[in-house]
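> Sequence plus predicted model, see below.
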Amino acid sequence: MTQEGDQQDDAARAFEDLAAEVRVMRRAVEALEAKKPVDYARTLAALTQELERLTAVTASIAQTPALRLTPDKIVAQVRRAAEDAAKPAAAELQRVQTLIATLERALGGVRTREEQARWIVSAMTGGAVAGAVLMVAALRMLSQ
């Protein structure tokens, strides 16, 4: 009988443990029922409003021409802009080169200081020789 008594005691203890667990569960469920439910309506309304605003902003951004550009189109536009920007500079460069060529032609006939000094010395020497020859000729004419 001891075995039977032990089995009954074990069954009684298991039944008591189960009853205790059920009581704890019942209290937890009652505590949950007693809590006031949270109203998420305001939060959901604010989230909905913000989502609608973001949707409108995204739609307007999607309509911008810049987002329709492909990298190839952007490169073509940059090249075109660079060429357009370079045209006035190229025209000005051509004008300056023409002016430089004109100045070089005009200055090509101008003598340098050394050339000018040599020319003056040569002219003076030639003038002195011519003057001496004329003087000798004049003296001969007078002495006759």
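Thanks, I have the structure now.
> Which residue ranges make up each domain of this structure?
Here the domain assignment for the chain is 69-110, 113-144, based on automatic domain parsing.
> now those in a markdown table, with mean neighbour count, distance to residue 14 and mean pLDDT?
From N, CA and C alone the C-beta is placed, and that goes for glycine too. What follows is the domains of the chain, written out as a markdown table (neighbours: other C-beta atoms under 10 Å; distance: least, C-beta to C-beta, whole Å; pLDDT from 0 to 100):
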| stretch | mean neighbour count | distance to residue 14 | mean pLDDT |
| --- | --- | --- | --- |
| domain 69-110 | 10 | 75 | 84 |
| domain 113-144 | 10 | 128 | 86 |
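> Turn those into TSV, including distance to residue 47.
Converted to TSV, the domains of the chain look like this (distance: least, C-beta to C-beta, whole Å):
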stretch	distance to residue 47
domain 69-110	34
domain 113-144	89
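> what's the average pLDDT for the helix or strand harbouring residue 31?
Residue 31 is located in helix 2-34, with elements delineated by DSSP states H and E. Here helix 2-34 scores 84 as its mean pLDDT.
> C-terminal to it, what's the next element?
helix 41-62.
> Can you name the next helix or strand after that next one?
helix 71-108.
> Who are the packing partners of that following helix?
On a contact count with 3 or more C-beta pairs under 8 Å, 6 or more residues apart in numbering; DSSP states H and E, helix 71-108 meets no helix or strand.
> Could you check how far the helix or strand following it is from the centre of its chain?
Next helix or strand after helix 71-108 toward the C-terminus (DSSP H and E): helix 113-143. Put simply, helix 113-143 sits 75 Å off its chain's centre (C-alpha atoms, centre = their mean, to the nearest Å).
> Start the count at 288 instead of 1 going forward.
New numbering, starting at 288: the last item is helix 400-430.
> From residue 291, how far out is residue 297?
11 Å (C-beta to C-beta, to the nearest Å).
> And residue 332, by the same measure?
Distance of residue 332 to residue 291, computed by C-beta to C-beta: 67 Å.
> check contacts around residue 321.
Not one residue lies near residue 321 by C-beta atoms under 8 Å, 6 or more residues apart in numbering.
> residue nearest the centroid of this structure?
When C-alpha atoms, centre = their mean is applied to the chain, the residue found nearest the centroid is residue 365 (12.4 Å).
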